Each structure stands twice: as structure tokens, then as C-alpha cells.
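give me the fold of what follows.
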Amino acid sequence: MKRTLIAVAVGAVAITASAALIVIQRDEAGPVTPTLVDETSSAGVDHAYDGEYPFFVGGGVATFDCSGDGMPDLYFAGGTNEASLYVNK
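As a prediction, this is how the structure comes out:
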């Protein structure tokens, strides 16, 4: 009976220690925060999707390779403005 109690106590301590170690390691690493930089102006992208209520659901952008050079190009829907195609060079 005494051996069983000691084995259970040692097991409980081992489980608690491993859980504490996991929590400590997780806190030290911290969350990964992405860094976002607005590069639209420097890339020459100047587009605004505008319009009244009927245009609210139609906005969007498509990314595809329209020139076949292997680089993604952008096509923006226009709303009341003209649609825009930006070819990556």
C-alpha cells in the first residue's frame, strides 16, 4: 500500500513538473506577431472601390498571371470607378 502511494505521488509530481515546463516554454517564446507594411503607394497601386449600396457586394480583387511571366498581376473591380489592372513587372 505504501509503495502504491509513493508511486502515485511520484507520478503526480512528474506530470505537474512536465506541465509547468511546457507552460514556461510557451510563455518564453511568446506569440508570433506578423509585421505588415503598406507597400501600395511605393508599388504604384492607387485604386478605390466606390459606389452606393448596390455596389457594396461586388468589390474584390483577383490575383493571377495575365502576362505569362510567372509573377502575379492584380485586377481590381471598380464599382462606380473604372476597374484597374496592375501588371507586375
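
which parts of the chain are strands?
If DSSP state E is used as the criterion, the strands of the chain fall at 61-64, 73-76, 84-86.

point out where the chain drops to low pLDDT.
The chain contains residues with pLDDT under 70 at 1, 5, 7-14, 17, 19-21, 23-30.

how's it carved up into domains?
Following the assignment in automatic domain parsing, the chain carries domains at 1-33, 34-89.

which parts of this protein are helices?
Along the chain, counting by DSSP state H, helices occupy 2-29, 40-43.

which residue is nearest the middle of the protein?
Averaging the C-alpha coordinates of the chain gives a centre point, and the residue nearest to it by CA atoms, centre = their mean is Pro34 (7.5 Å).

got the contact list for that one?
Pro34 makes contact with no residue, according to CB atoms under 8 Å, 6 or more residues apart in numbering. All C-beta spots, glycine's among them, are computed from the backbone N, C-alpha and C.

thanks a lot, see you next time.
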